[in-house]
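S.K.: When you get a sec, could you give me coordinates for this:
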Amino acid sequence: MLKLAILGFLSDYPLHGYDLKTRVAALAGHVRPVADGTLYPTIKRLDEANYLTRRTAPGSVAAPRHMLEITQEGTNQLRRWLRDPKPVFITDDNRWYVLLAFLRHLDNPREQALVLQKRLAFLSTPAVLFMDEHGRAQDAEDITDPFRLGLLSIHRSSNHAEHRWLEKTIEELNNRAGY
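M.R.: So this is what the prediction gives:
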């Protein structure tokens with residue numbers, strides 16, 4: 001998720017490490033804070049893989065800063081990750097949001113639609129949030145706990161809204177692609 005976010009943000013424009021960390025934290029940090037001990041080794045690995053480069057730029061007030069820029073190889077890798085995401089990027093909401101934030105960098109509308117169709121297929125599979133003592137799925141009618149009912153209500157509501165958005169966007173993308 002972090003590698004995708006780094007390359008995604010650098011596809012927008014070059015950034016220095018602190019700006020990159022701030023943007024990643026704003027996107028996913030409320031759920032998974034980004035520590036320097038995680039971010040900078042990941043940047044180093046992406047640099048070693050030739051997915052990004054570093055250059056020195058004058059600082060606005062202080063010392064020169066190291067700016068990070070995505071390479072063509074990094075752009076190609078980002079597009080591969082977007083085009084064919086691992087299943088966890090479809091099923092895990094936090095990873096899905098990161099993928100969705102950068103799906104525009106996949107230039108082909110048909111390819112974008114195919115990724116959205118994977119998410120729609122996942123959302124169309126009935127979710128089992130709670131089970132009884134025998135391991136059977138509990139229906140909402142069987143749940144009396146107000147907090148679990150609230151969770152079910154929120155889940156259904158957001159699932160329904162996302163489902164509608166996905167269907168509409170898939171249709172628009174397929175129309176653009178001539179399907």
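
S.K.: Now the nearest residue to Pro14 once chain neighbours are set aside, what are its backbone angles?
M.R.: The shortest distance from Pro14 to any residue that is not its chain neighbour, by Cβ to Cβ, 6 or more residues apart in numbering, is 4.3 Å, and that residue is Glu69. Any C-beta I mention is one placed from the backbone N, CA and C, and that applies to glycine too. Per-residue torsions, Glu69: phi -130, psi 140 (degrees, to the nearest 10).

S.K.: How many residues are close by Glu69?
M.R.: The burial count assigned to Glu69 is 14, neighbours taken as other Cβ atoms under 10 Å.

S.K.: Starting from Trp96, give me the distance back to it.
M.R.: 27 Å (Cβ to Cβ, to the nearest Å).

S.K.: Give me the nearest residue to Phe102, chain neighbours excluded.
M.R.: Among residues not flanking Phe102 along the chain, Gly8 sits closest, at 3.3 Å (Cβ to Cβ, 6+ apart).

S.K.: In contact with the one you found: list those residues for me.
M.R.: With contacts taken as Cβ atoms under 8 Å, 6 or more residues apart in numbering, Gly8 has the following neighbours: Leu78, Val98, Ala101, Phe102, His105.

S.K.: Now do it, the pLDDT please.
M.R.: At Gly8, the model reports a pLDDT of 96.

S.K.: Emit the PyMOL select command for whichever of the contacts of Gly8 are buried.
M.R.: Applying 16 or more other Cβ atoms under 10 Å to these leaves a buried subset, and the PyMOL line that selects it is:
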select buried, resi 78+98+101+102+105
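
S.K.: His163 reaches Leu120, doesn't it?
M.R.: Yes. If you go by Cβ atoms under 8 Å, His163 and Leu120 touch, sitting 6.8 Å apart.

S.K.: max-length helix in this protein?
M.R.: Using DSSP state H to assign secondary structure, the helix with the most residues in the chain is helix 146-177.
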